[in-house]
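[1] return atomic coordinates for the entry below.
(one chain, ligands or ions: 2)
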Amino acid sequence: MKEKSIEKPKQAEETKREYSELITATQIKVVMDFPEYAEKAAATGADGVGLLRAEHMILGTKIHPAYLVRQGRKQELIDMLVKGISTVARAFDGKPVWYRTLDAPTDEFKSLEGGENEPQEENPMLGWRGIRRSLDQPGFLRAEFEAIKRVHEMGMKNVGVMIPLVTRVEEVRKAKEILDDVFEDEYVEFGIMVETPAAVWVIDDICKLGIDFVSFGTNDLTQYTLAIDRNNDLVQKHYDELHPAILAEISRVIKICKRYHVQTSICGQAGSKPKMAAFLVRQGIDSISANPDAVNQIRETVAITEKNLLLDAERRNLRPQ
Ligand code: PEP
Ligand code: MG
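    Ligands and ions are numbered 1, 2, ... in the order given. The predicted structure is shown next:
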C-alpha cells in the first residue's frame, strides 16, 4: 500500500514568520515592562508598544523617586528614564511607543530607600496612585516628561505619553498643561488610559479637551467595575474581563472616540486573549497590545475576524433587497 504522505509539522520559526507576515487593518502592538527585552519584543514584528510601564524602570533603582527629587537628584532620575525609554524607542524605530507615567500603589514604594514615609493605606488599589498622585507630586511627573523630551531631542520622536487611572477631566487638563509646558511648541502624542468607570462616563469631555488616543487598561477596569481587588485571591474566580458590563464600557468608549477621531487601543492583559481581541475588532478598535509571546496568536485572531467581517458585509450586500 502506498504510504499516505504526512505533512511535516511546521517548525515554530516557520509558523512565526507566516503569522508576522499577516497584514491586518487593526494594528498589533506589544506591552513592555523591561527595556532589556526591547529587541526581542520588536522581533515579533509588532506595530509598536501600546504600553511601556515605568514601574520596573523606576522601582528597579530601589530608591524612591520623590525622595530623589527632594534630594536634588532629579537629573539621575531623568538619565535613568532616558536610557530605558530610548532603548525601546530605538528598537521600535518609526513605530509608536506609548510611555505610561508612573502608577505604583503605595505598598510597592514602602520598601524603597526613602520610602519609609509612604502612607499606610487600607486599600492601596483605591488609594494614592496613578495620575492623582502624580499631580500631587508634580516634580516627578515633570521629570518623566523631561526624559521623553530628551529622547525626542535624540531623534526618537516616536515616544508618546499616556496617563493612568484617570477619573476626571480636570486631571487630564492639568497633566496636559505640564506636558505642554515641558514640550513648548513641539508635538508629542498624548493619551489616557481608560481603566475606571468614571473615565468611561466622562470620555466625551476628555475627547473634547484634545487627546490623541485612549487605551483600555482592562486589568483595572475589571477591578473597579466588578468591585474585585485584583490582588485578592479569594475573589479571583469572579474576575472576568469579558463580563458584559466591561464589554459595554469598551463599546461605549470606542463609539464616542470615533466621533472625535481619537484612536482606541487596549493594553490590559485581556488584549492577549483571542476572545477579547475578536470582540474588539468587531467594535472597530484601532490597535491591540498583547504580551510579546501572544502577538502571533492575536495577529491570527485579528486577521480571521477582519476577514469574517468582510464576508459578512459581502453577504449583506448580495442579499436580495
Ligand atoms: C491595566 O490596568 O489594565 C494596565 C495595563 O495597567 P496596570 O496593569 O499596570 O495597572
Ligand atoms: Mg492599570
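
[2] report the buried residues of stretch 133-146.
    Under the neighbour-count criterion of 16 or more other C-beta atoms under 10 Å, stretch 133-146 has 133-134, 140-146 buried. Just so you know, the C-beta spots here come from the backbone N, C-alpha and C atoms, and that holds for glycine as well.

[3] of these, the lowest pLDDT goes to which?
    Minimum pLDDT for the buried residues of stretch 133-146 is recorded at Phe140 (90).

[4] mind listing the helices for the stretch 1-150 of the chain?
    Using DSSP state H, counting those that start in this stretch, the helices of the stretch 1-150 of the chain run over residues 12-20, 38-42, 55-59, 65-70, 74-91, 106-109, 130-136, 138-153.

[5] how about the third one, which residues are buried there?
    In other words, helix 55-59. With burial defined by 16+ other C-beta under 10 Å, the residues of helix 55-59 counted as buried are 57-59.

[6] hang on, the earlier thing: closest to ligand 1 out of the helices of the stretch 1-150 of the chain?
    Minimum separation from ligand 1 across these (C-beta to the nearest ligand atom) falls at helix 55-59, 7.0 Å.

[7] send me that closest one as CSV with only the CA atoms.
    C-alpha atoms of helix 55-59 as CSV (Å, rounded to 0.1, in the frame of the first residue of the first chain):
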residue,chain,number,x,y,z
GLU,A,55,7.3,50.9,37.3
HIS,A,56,10.0,48.4,36.6
MET,A,57,12.5,51.0,35.5
ILE,A,58,11.8,53.2,38.5
LEU,A,59,11.3,50.7,41.3
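
[8] contacts for that helix next, please.
    When contacts are defined by C-beta atoms under 8 Å, 6 or more residues apart in numbering, helix 55-59 is touched by residues 33-35, 65, 77, 80-81, 84, 102-104, 108-109, 112.

[9] and it, anywhere near ligand 1?
    No: on the criterion C-beta under 6 Å from any ligand atom, helix 55-59 is out of touch with ligand 1, staying 7.0 Å away.

[10] I'd assumed Ile28 was in contact with Ala46.
    Yes: between Ala46 and Ile28 there is a contact under C-beta atoms under 8 Å: 6.0 Å.
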